[in-house]
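Trainee: Sharing a model prediction with you, sequence too.
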Amino acid sequence: MSTPLRQRRSLGHPNARRLRAIMSGSIAVDSAALITTSVLTAVTGIAFWTVVARLIPPHELGVQTALLSLMTMAGTVAASGAGNAMTAMIPSTPAPSRGRLLRQATVVVLIGAALAGTVSGALGAVTIDQRESSVAVLAAVALGSIIMAFFAFKDTVLTALSVARHLPLLNMAGAIVKIGLVPLLLLCTVPDTAVAATLAAAILTCAAAAFLIRRAMDREVPDDDFVRDHDRRQLIGFTLRDVTASLISMGPLLGAPFLVTWLAGPVQGAMLALMLPISQGLDYVSIGAATALTKHLPTATDPAATITRIWWLTQAAVLVVGTVLLVAVAPVLFGFFGQDYDHATLWVTLALLCVGSAARVGFVTWAAVLRATLATRTLLIANLTMSALSLPILMVLTARWGAIGAAGGLAIGSALLGAVGCWGLWIRRRAQPASAAGAPDVEVIR
């Protein structure tokens, strides 16, 4: 009977509590949670698109994927700036100031998503061949963009608050609900079934995340050596630069199904949309590790070693998973899609998308380092330069070869970004050798 008492006493010891706090917020724990979430998201995404590909005709599915592409692009980009700011700022922000910082970021996400959604909705209204009126398309895309923005925002906030371990279960539950809603909504003859199921599941997931965020807000306080109180000017400055950089780097990928549907037709757009969730499993791996790196780098004792370790482990994981996807998973999945889709086109499209995901790892890691040091100006310049080179290529290839052309254009753009990222990491390593210890410098935000 005495053992449980001793255990309870040891767990209440200050050193034990500090150890639990360190373990719960370690880069390994956050990376594992985010990568697990990414793998589950990819698997459930593949399952969702397999179901809708069997139940919805290719032409109609192409139109729905174009609408979802516009919503996801606008929402994810709008949430990226404030979300990355939360990942970089909350871990070093005193507990009393976290609520204020999060409320300010929430308002920024809402305004940004509404503006981006309105622009995307107007674009969809004039380019997508829909049965609904242009006003209905604009309103639906604008509302959907806001929902998808907060769906993306929740992941970065939960990570910043050291409760990323809840993300796998949370997102898995949302994905199961989304898949289950598809046949139900089809039976009820709800229009745009894939869109409606995605948005409904996202709303439920965000509601659950809000409960977790409220509970975790004041749980962990940073060490005094790393406390930095961030004001609204820093948040807005970081957000504006990061959103612009994210729009340039992520926009072509997230908006690709819409672009292909517009330039090459709904069936080509549907084929690219079916392949994107598979290849994005690789992107989720690198983004998950990079998000954890952004959070922990400001308080790392050996930043150079931490960056190198995360970079090489992520690159190896992406290469291994990509090979498995192409060799073992893809042929099985294509059989479930049915004969309405050309399997050769699907495989080449997927292969090019996987090449692009592998080439992007260096850039994603470098971008995480820049965000951790609040050096988003450098990130913006790099994105602007590379996009000026790659976007014309993407447009020309998409118009000429549809889904395959778009995948090829994305791979070229990713290769350019990856080269810049590898160069940036190499320059940083030379400037800050592994023997140097201490937190990285923080850029002054003007």
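Mentor: Yes, it's here. Numbers count the residues shown, from 1 in each chain.
Trainee: elements contacting the strand or helix carrying Leu204?
Mentor: According to DSSP states H and E, Leu204 maps onto helix 193-216. Packing partners of helix 193-216 (3 or more C-beta pairs under 8 Å, 6 or more residues apart in numbering; DSSP states H and E): helix 27-55, helix 58-89, helix 134-160, helix 167-187. For glycine as for every other residue, the C-beta is placed from the backbone atoms N, C-alpha and C.
Trainee: Which of these sits closest to Phe363?
Mentor: helix 58-89 (14.5 Å; C-beta to C-beta).
Trainee: ok and the closest one relative to helix 134-160, angle-wise?
Mentor: 40 degrees (axes from the mean of the first three to the mean of the last three C-alpha atoms, to 10 degrees).
Trainee: Now do helix 58-89, average pLDDT.
Mentor: Average pLDDT, helix 58-89: 92.
Trainee: list the buried ones in that helix?
Mentor: For helix 58-89, the neighbour count (16 or more other C-beta atoms under 10 Å) marks 58, 60-89 as buried.
Trainee: Can you pull out the low-pLDDT segments for this structure?
Mentor: 1-28, 31, 129-131, 218-231, 432-446 (pLDDT under 70).
Trainee: Identify, by residue count, the longest helix of it.
Mentor: When the chain is parsed with DSSP state H, its longest helix is helix 376-431.
Trainee: elements contacting that helix?
Mentor: helix 232-254, helix 256-264, helix 266-296, helix 303-324, helix 343-359, helix 361-372.
Trainee: Just the residues contacting the shortest one, thanks.
Mentor: Identification of contacts with helix 256-264 by C-beta atoms under 8 Å, 6 or more residues apart in numbering yields 62-63, 65-70, 73, 124, 127-128, 252, 268-270, 272-273, 276, 394-395, 398-399, 401-403, 405-406, 410.
Trainee: between the helix holding Leu204 and helix 266-296, how many degrees?
Mentor: Going by the same axes, to 10 degrees, helix 193-216 makes 10 degrees with helix 266-296.
Trainee: Report the angle between helix 193-216 and helix 167-187.
Mentor: 150 degrees.
Trainee: Buried ones in helix 193-216, by neighbour count?
Mentor: For helix 193-216, a neighbour-count test (16+ other C-beta under 10 Å) marks 193-202, 205-206, 208-209, 212-213, 216 as buried.
Trainee: go on, stretch 110-129?
Mentor: Within stretch 110-129, judged by 16+ other C-beta under 10 Å, the buried ones are 110, 112-114, 116-125, 127-128.
Trainee: now do stretch 90-105
Mentor: Buried residues in stretch 90-105, counted by 16+ other C-beta under 10 Å: Ile90, Pro91, Ser92, Thr93, Ser97, Arg98, Leu101, Leu102, Gln104, Ala105.
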